[in-house]
Structures are given as C-alpha cells and as structure tokens.
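1. below: sequence and its predicted model.
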Amino acid sequence: MKTQLLEIPNGENQNLRGVISMPDDQIQKGIICLHGFERCSSTEKKFKALSDSLVGKMMAVLRLDFSGCGLSDGDYKYTTIEKQADDFVLALRNLKSEIGQQRINVIAHSLGACVLATRINEIKEEIEKIILIAPALNQKDLMRYWFVTSQMKKSNPEIKITWQNYKQHLDESAFQKDCERIDKMTKANYIDSKYFLEAKDFDFSNKFDFMKDKVLHIHGSKDIAVPIESLNIKFGNQIIVGNGDHDLEKPNQMEQWKNKALDFLLKQ
C-alpha cells in the first residue's frame, strides 16, 4: 500500500488536501470519503479503518478534508454546503486523474451527505455506489431542532428536547434572527451567517430517490445529533447500529457495520 498527501489547488489560491492510499497492484475502483461538520476525513477512525481494508481489495481511497478543515487551507468561518460541494467535485476530478476512469464510490458522513446531494445529478454517471453514515439530509428541520436544543439548555435545562417535542418549543422568528447572526461560534470556529441562511430551508432527502438501490444507509439507534427520524427517505439497504451514536466509531459499534459496508462496496 502506498499512502501520500494529495494537494489540490482551488479557485481561491488555496490547497485542498487529503490522504490518498493506493494498492500496490492494479486499481479496481476509487473511493472518496466526505466528512461531517467541523470534522476531517484524513484522520477520523472510521475512514482510516475503511481505507485500510479497501486498499487491500485493490481500491484507491481519498480521504478529503474540506476547505478550512484538517489538513486543508482556508478559513472554515466562510464554509457553506455549496462551497464544500465545489471542493468535492474538484477532488473527484483529481482522484480520477490519479487512478484513471474507473467509476467512483462515495462514503459520506453527516453533512457530507448533503455535500454529495447537491452534486449528485451532475455526477451520477460517474458514481457506482454510495454509503451514507448518519446523513444529515433534512437540514431544514435539523437546524431548527439544534436551535431549540441549544436555547433550551440555556433557558430551561430541565426540559429535555427530543425530535418528538422540539417543534412545541420552537420560536421561528428567533430562529430566523439567529441564522442572520455574523458572530455565531461553534465548537471550534466562528461561522458566517451565509452558511445558515443557505441551508436552513433545504431537505436533501429526495436527491437520492433515483438511485436508492445503490445506497447503503448506516445509522445509530441512539443518534441524538441526527435522529434517524429526521430522514424523509427510506433506503432499502440499511444498517441500524444498536445503541449507536452519531460518529459510529466505538469498537462495539463499528463491529456492527464495518464488514457489512465493505461487502456492499465489493459486491458486483
């Protein structure tokens, strides 16, 4: 196996970076990994574990870090789903130039599924299979759920917010004003209002309707960040990870889905 850093210049005079792992023999397929919000594909355990196994099956795997994340240049403050989608397509083109014209498989976690969804129609002929891990496709409702959860922790922490009750506590006007803030701070970054204003009314679930049979959906039964009930699409190929959280990286969780995911990608 050969592993190296791949640098991809973007249109903003910055370098996107990712870790690309190549088999020693002839490449059979290509894989690109897309991480979630404020994460990075290059070092996340689930992507590294999948990559190590897939390279042994003659697949080339690119673990891409979006602009402003991980190894890549840029300021995450200015990220949007659309900007990340541009990163993805640029990386896809570069991966194909590295490995030839084999069709590409995509593994996307959380927000990465939305990034893929924004471009799926234009690249569908280039994509063979897709694995969606805890996909945060329903941004419209999820953003409101996250807003209510955050506000309630401050104003009335005794009330436990769930997917079933959050709408009872939603102040839509306050939510809209919050999306317009330019000083919002997440775990590791300031995030510009453009990100929230772009995503707050989108549900990407139906973007995969035409190729549901080519998608494997993996979700934790105890995912409180992106509850499985948030999805407005039902995939025929599905793995529900018992007591699984949003990251699905604990050993007893990965044991439930990793090998099945590999089988899905390898099956002709």
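-> Structure received. Numbers count the residues shown, from 1 in each chain.
2. how about the helix or strand hosting residue 142: buried residues?
-> Using DSSP states H and E, residue 142 sits in helix 139-155. Buried residues in helix 139-155, counting neighbours by 16 or more other Cβ atoms under 10 Å, are found at 139-149, 151-152. For the C-beta atoms, the positions are set from N, CA and C on the backbone; glycine is no exception.
3. next helix or strand past it?
-> Heading C-terminal from helix 139-155 (DSSP H and E), you reach helix 172-179.
4. quick one: strands adjacent to the helix or strand just after that next one?
-> Sequence order places strand 184-185 as the next helix or strand after helix 172-179, per DSSP H and E. Within its sheet, strand 184-185 is paired with strand 190-191 (antiparallel), according to DSSP bridges.
5. tell me the buried residues in the helix or strand just after the strand it pairs with?
-> Next along the chain after strand 190-191, taking DSSP H and E as the criterion, comes helix 193-199. Neighbour-count burial for helix 193-199 flags 194, 195, 196, 199 (criterion: 16+ other Cβ under 10 Å).
6. helices or strands next to helix 193-199 in the packing?
-> helix 81-99, helix 139-155, helix 172-179 (3 or more Cβ pairs under 8 Å, 6 or more residues apart in numbering; DSSP states H and E).
7. got the angle for the first one vs helix 139-155?
-> Just to be clear, that refers to helix 81-99. 120 degrees (axes from the mean of the first three to the mean of the last three Cα atoms, to 10 degrees).
8. which neighbouring elements make contact with helix 81-99?
-> Against helix 81-99 (3+ Cβ pairs under 8 Å, 6+ apart) you get strand 2-9, strand 15-22, strand 29-34, strand 59-65, strand 104-109, helix 111-123, helix 193-199.
9. pLDDT of the fifth one, averaged?
-> If you average the pLDDT over strand 104-109, you get 97.
10. helix 172-179 and the helix holding residue 142, what's the angle between them?
-> Computed by the same axes, to 10 degrees, the angle separating helix 139-155 from helix 172-179 equals 90 degrees.
11. neighbouring contacts of helix 139-155?
-> With contacts defined as Cβ atoms under 8 Å, 6 or more residues apart in numbering, helix 139-155 is touched by 81, 114, 136, 159, 161, 163, 166-167, 169-172, 174-175, 178-179, 196, 199-204, 226-227, 230.
12. could you redo the last one with a cut-off of 6 Å?
-> Helix 139-155 has contacts (Cβ atoms under 6 Å, 6 or more residues apart in numbering) with 136, 159, 161, 166, 169-170, 175, 199-203, 230.
13. pull the most distant pair out of those residues.
-> 159 and 202 (27.8 Å; Cβ to Cβ).
14. what's the neighbour count on residue 228?
-> Residue 228 has 17 neighbours, counted by other Cβ atoms under 10 Å.
15. apart from its chain neighbours, what residue comes closest to it?
-> residue 219 (4.7 Å; Cβ to Cβ, 6 or more residues apart in numbering).
16. could you look up the SS state of that neighbour?
-> strand (DSSP: H, G, I helix; E, B strand; the rest coil).
17. beta partners for residue 127?
-> In beta-bridge terms (that is, DSSP bridges), residue 127 pairs with residue 104.
18. what separates it from residue 171, distance-wise?
-> 40 Å (Cβ to Cβ, to the nearest Å).
19. also residue 182?
-> 20 Å.
20. those two: who's more crowded?
-> residue 171 (13 against 10).
21. before we move on, back to that, by neighbours, which of the contacts of helix 139-155 wins?
-> residue 136 (26 neighbours).
22. just confirm that one is within a strand.
-> No. With three-state DSSP as the criterion, residue 136 is assigned coil and is not in a strand.
23. what confidence value was assigned to it?
-> 98.
24. got the phi/psi numbers for it?
-> phi -90, psi 50 (degrees, to the nearest 10).
25. quick one on the thing from earlier: tell me which of the buried residues of helix 139-155 is nearest to residue 33?
-> residue 139 (20.6 Å).
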